[in-house]
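Chemist: Please work out how this folds:
(chains A and B)
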Amino acid sequence: QKEVEQDPGPLSVPEGAIVSLNCTYSNSAFQYFMWYRQYSRKGPELLMYTYSSGNKEDGRFTAQVDKSSKYISLFIRDSQPSDSATYLCAMTSGTYKYIFGTGTRLKVLA
Amino acid sequence: DVKVTQSSRYLVKRTGEKVFLECVQDMDHENMFWYRQDPGLGLRLIYFSYDVKMKEKGDIPEGYSVSREKKERFSLILESASTNQTSMYLCASCEYRGMDSPLHFGNGTRLTVT
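Modeler: Presented below is the predicted three-dimensional model:
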């Protein structure tokens, strides 16, 4: 079993929709959680960084962590075609080992 | 804003060549990392460095070496390139020795070995 599971998609939504992206994990020691956006042929760009459980909001993006269920989510409100990319979740317990999901491809249709 | 710069976006090399991939960060970060990214396999850690001249092997160090002579610069070396090293190589850095800070990535080097 992988430490982090992420649905590869693709996930296709109409412009303006609310998008929900998710990762599940198995290691209860993970405390720091990240979401990255990666456009084709580019490096991952940090979107959100959260510590432990709870919600964090930044503009149209909300990151949610539920440590009891070992489940993290990224919500994108009012999705735009420019949000079309691959979204990676990542997490660490505070060591050098950052564990990444394999990414979900998102397509926002105009 | 943190800036991590990888010297080449695309490289084509022949089997057996020695290949250098260079990475520079401008935020005085303690830690630097090299990953490779392959479809279906995600990001895999090759090496990381927590200080000048210090390095630790990651999950897939075979066939690679690294050099960190200055804090801002971390180089990945393929001693004798092979076709199975064709991949996207990503350099990253993070601020704190305790790793409780997010990774910041460069734009990647797409290496093709023929």
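Chemist: what residues are up against the residue positioned nearest the centre of chain B?
Modeler: Centroid check for chain B by CA atoms, centre = their mean gives residue B:34 as the closest residue, at 2.7 Å. Contacts here follow CB atoms under 8 Å, 6 or more residues apart in numbering or on different chains; on that basis residue B:34 touches B:21, B:23, B:45-48, B:58, B:64, B:66, B:74, B:76, B:89-92. The way it works is simple: take the backbone N, C-alpha and C, and place the C-beta from them, glycine included.
Chemist: For it, pull up the helix or strand it's in.
Modeler: strand B:31-38 (DSSP states H and E).
Chemist: what's the very next helix or strand once past that strand packed up against?
Modeler: Per DSSP H and E, the first helix or strand lying C-terminal to strand B:31-38 is strand B:42-51. With contacts defined as 3 or more CB pairs under 8 Å, 6 or more residues apart in numbering or on different chains; DSSP states H and E, the packing partners of strand B:42-51 are strand B:31-38, strand B:54-57, strand B:64-70, strand B:73-78.
Chemist: try it again with 6 Å
Modeler: When contacts are defined as 3 or more CB pairs under 6 Å, 6 or more residues apart in numbering or on different chains; DSSP states H and E, strand B:42-51 sits against strand B:31-38, strand B:54-57, strand B:64-70.
Chemist: That strand: which residues count as buried?
Modeler: For strand B:42-51, the neighbour count (16 or more other CB atoms under 10 Å in any protein chain shown) marks B:42, B:43, B:45, B:46, B:47, B:48, B:49, B:50 as buried.
Chemist: Near the closest residue to the last one other than its chain neighbours, how many other residues are there?
Modeler: Read it as residue B:50. Spatial nearest neighbour of residue B:50, excluding adjacent residues (CB to CB, 6 or more residues apart in numbering or on different chains): residue B:31 at 5.2 Å. The tally of other residues near residue B:31 (other CB atoms under 10 Å in any protein chain shown) stands at 22.
Chemist: Over to residue B:53?
Modeler: 9.
Chemist: and it, what does it touch?
Modeler: If a contact means CB atoms under 6 Å, 6 or more residues apart in numbering or on different chains, then residue B:53 has no contacts.
Chemist: Quickly note the distance from it to residue A:64.
Modeler: As judged by CB to CB, to the nearest Å, residue B:53 and residue A:64 stand 41 Å apart.
Chemist: ditto for residue B:68
Modeler: 37 Å.
Chemist: residues in chain A within reach of chain B, list them.
Modeler: Contact residues (CB under 6 Å from any CB of the partner chain) of chain A with chain B: A:32, A:34, A:42-44, A:46, A:49, A:94-96, A:98, A:100, A:102.
Chemist: Of those, which belong to strands?
Modeler: A:32, A:34, A:46, A:49, A:100 (DSSP state E).
Chemist: what's around the last one, how many residues?
Modeler: Looking back up the chat, that one is residue A:100. 23.
Chemist: Identify the residues contacting it.
Modeler: Residue A:100 touches A:88, A:90, B:42, B:43, counting by CB under 6 Å, 6+ apart.
Chemist: Mind listing the residues bridging to it?
Modeler: residue A:90 (DSSP bridges).
Chemist: Including mean pLDDT, could the helices and strands packed on strand B:42-51 go into JSON lines?
Modeler: Formatted as JSON lines, the helices and strands packed on strand B:42-51 follow (pLDDT from 0 to 100):
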{"stretch": "strand B:31-38", "mean pLDDT": "96"}
{"stretch": "strand B:54-57", "mean pLDDT": "94"}
{"stretch": "strand B:64-70", "mean pLDDT": "96"}
